[in-house]
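**Q** I'd like to go over a predicted model; first the sequence, then the structure.
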Amino acid sequence: MNYVLSKTVTELEPSGIRRFFDLAATMEDVISLGVGEPDFDTPWHIREEGIYSLEKGRTFYTSNSGLIELREEVCNYLKRRFGLDYVSDEVFITVGGSEAIDVACRVLLNPGDEVIIPEPCYVSYLPCVALAGGVPVRLALDAKDQFKLTKEKLLSALTDKTKLLVLPFPNNPTGAVMSEEELKEIAEIAIERDIFVLSDEIYAELTYEARHFSMAALPGMKERTIVINGFSKAFAMTGWRLGYAVAPVPILKQMVKVHQYVIMCAPTTSQYAAIEALKNGDGDVERMRDSYDERRRFLVQKLNEIGLPCFEPRGAFYVFPSIQKTGLTSEEFATKLLEKEKVAVVPGTAFGACGEGFLRISYAYSIENLKIALEKIKNFVDTTR
């Protein structure tokens, strides 16, 4: 049947994360530290608002852009939490942040346009660029820089075909964040070279020691930045499938047009629940972030004690320890750890070739589960010495 299938689609590599966890799913009693999903239930007052919307019969389509009340609340939230100034016409409600990434690529890219994708990174960027006809330019970041994007790295990847820069911070899988000063250097290049930025800020609320700073807050960048965010990570609303994009109106209108034809609108029940999350969920976010922070510090300390060097992640809920001293590849380590100790982690190579020698371990799990898993990881590492 290959002759009837799209070459672009068939040439895409399947997700390295899903391929690995298909194996884990066939085994019993596996401790999984791989899935990037909060272990908290959606806070009750948010669930209650979703239930109430159903009881009131709010099962209709919303506008393509999303409920005006929700878009206005997104503006209030972005101003309150990150100092960003947007109006409702600059907000577009999507089916998760992933749809926003996909649609942004479709409306910005013409065939042959180059998109710089710093790696290691979330697995969806490259496929979305390729499906939109763009040319992904993979830019390997370095552990010595704590996997941050530097001015020198960016300049090395630019060509006269560069159209878009993906800015994946706070980062999945490394936990790296970028400060205001570091972003200023990137912004200067973007403005000088007339490059647009796709800033994926889905983990913006999950930063430790310093508040997240958005690229769109810098002078001259709001008009050339699409900010992607959502509700899954900060509010523990993964299954509600709700995200949003904020962008200049001319770009947003085209994004809504694509969304109009392929999606229609985001789930109505989820949108009503999200209004409640934004209005009254700050305390929930703080409590969950405090818990992640405790787990983060515990996990980093223990991994270093085990002999798996790990720089301190400042965002998201992942650590990215080096396993190079074991002499195993990332795939070998993860596979043998699963087989021998029944602990599931993700090989660093699932997030780009430069992830070789590293693992992604999620701490969106209880301290109790982390303690059990770490003892098993220690046992495994000891056998490799």
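**A** Structure's in. What do you need?
**Q** and Glu180, what does it touch?
**A** Each residue near Glu180 by CB atoms under 8 Å, 6 or more residues apart in numbering is listed here: Phe213, Ala217, Leu218. To be clear about C-beta, it is placed using only N, CA and C from the backbone, and glycine gets the same treatment.
**Q** now do the contacts for the second one.
**A** Taking CB under 8 Å, 6+ apart as the criterion, Ala217 is in contact with Phe82, Gly83, Leu84, Glu180.
**Q** could you redo the last one with a cut-off of 7 Å?
**A** Contacts of Ala217 were listed using CB atoms under 7 Å, 6 or more residues apart in numbering, and they are Phe82, Gly83, Leu84.
**Q** among those, which are in helices?
**A** Among those, the subset assigned to helices under DSSP state H consists of Phe82.
**Q** how about TSV for the contacts of Ala217, with pLDDT added?
**A** Shown next, in TSV, are the contacts of Ala217 (pLDDT from 0 to 100):
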residue	pLDDT
Phe82	97
Gly83	97
Leu84	98
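**Q** quick one, strands of the protein?
**A** 31-32, 91-94, 114-119, 135-140, 162-167, 196-200, 225-230, 243-246, 318-319, 343-344, 346-347, 359-362 (DSSP state E).
**Q** now what about the second one, what contacts it?
**A** Pointing back at strand 91-94 there. For strand 91-94, the external contacting residues (CB under 7 Å, 6+ apart) are 65-66, 70-71, 74-75, 100, 242-246, 252, 255-256, 259, 266, 271.
**Q** is Asn379 in contact with Val343, as I believe?
**A** No. Taking contact to mean CB atoms under 7 Å, the distance of 9.7 Å between Asn379 and Val343 leaves them out of contact.
**Q** now the buried members of the contacts of Ala217.
**A** By neighbour count, with 16 or more other CB atoms under 10 Å, the contacts of Ala217 hold Phe82, Leu84 as buried.
**Q** before we move on, the earlier item: mark which of the contacts of strand 91-94 are buried, thanks.
**A** Neighbour counting by 16+ other CB under 10 Å classes 65-66, 70-71, 74-75, 100, 242-246, 252, 255-256, 259, 266, 271 among the contacts of strand 91-94 as buried.
**Q** let me see the ranges of the helices in the protein.
**A** Residue ranges of the helices in the chain, as given by DSSP H, are 7-10, 16-24, 44-55, 68-82, 96-108, 125-131, 151-157, 180-192, 249-262, 268-280, 282-306, 330-341, 367-384.
**Q** list the buried residues in the longest one.
**A** Going by neighbour count (16+ other CB under 10 Å), the buried part of helix 282-306 is 284-285, 288-289, 291-293, 295-296, 299-300, 302-303, 306.
**Q** check which helices and strands it sits against.
**A** Taking 3 or more CB pairs under 7 Å, 6 or more residues apart in numbering; DSSP states H and E as the contact definition, the neighbouring helices and strands of helix 282-306 are strand 318-319, helix 367-384.
**Q** would TSV of those with distance to Lys325 be doable?
**A** As requested, the helices and strands packed on helix 282-306 are exported to TSV (distance: least, CB to CB, whole Å):
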stretch	distance to Lys325
strand 318-319	16
helix 367-384	9
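**Q** among these, which is nearest Asp89?
**A** When the helices and strands packed on helix 282-306 are ranked by proximity to Asp89, the top entry is strand 318-319, at 34.9 Å, counting by CB to CB.
**Q** just for the stretch 151-300 of the chain, where's the confidence low?
**A** Confidence mapping of the stretch 151-300 of the chain against pLDDT under 70 gives zero matching residues.
**Q** closest to Leu359 out of the helices of the chain?
**A** It's helix 330-341; of those, that one is closest to Leu359 (CB to CB) at 6.2 Å.
**Q** starting at the chain centroid, how far to that closest one?
**A** Centroid separation for helix 330-341 versus its chain: 25 Å, with CA atoms, centre = their mean, to the nearest Å.
**Q** angle of that helix against helix 367-384?
**A** When axes from the mean of the first three to the mean of the last three CA atoms, to 10 degrees is applied, the directions of helix 330-341 and helix 367-384 differ by 110 degrees.
**Q** how about helix 330-341: buried residues?
**A** Residues of helix 330-341 classed as buried: Ser330, Phe333, Ala334, Leu337, Leu338, Glu341 (neighbour count, 16+ other CB under 10 Å).
**Q** now stretch 89-102
**A** By neighbour count on 16+ other CB under 10 Å, the buried set for stretch 89-102 is 90-102.
**Q** can you pick out the most distant pair from those residues?
**A** Checking the buried residues of stretch 89-102 against each other with CB to CB, the farthest-apart pair comes out as Glu90 and Ser98, at 20.4 Å.
**Q** apart from its chain neighbours, what residue comes closest to Asp194?
**A** The shortest distance from Asp194 to any residue that is not its chain neighbour, by CB to CB, 6 or more residues apart in numbering, is 7.9 Å, and that residue is Arg224.
**Q** in contact with that neighbour, which residues?
**A** By CB under 7 Å, 6+ apart, Arg224 lies in contact with Ala190, Phe196, Val197.
**Q** gap between it and Ile195?
**A** Here the criterion is CB to CB, to the nearest Å. By it, Arg224 lies 7 Å from Ile195.
**Q** could you do Thr268 as well?
**A** Look at Thr268 and Ile195: by CB to CB, they are 37 Å apart.
**Q** name the nearest residue to Val258, sequence neighbours excluded.
**A** Across the structure, with CB to CB, 6+ apart as the measure, the residue nearest Val258 apart from its sequence neighbours is Val103 (5.0 Å).
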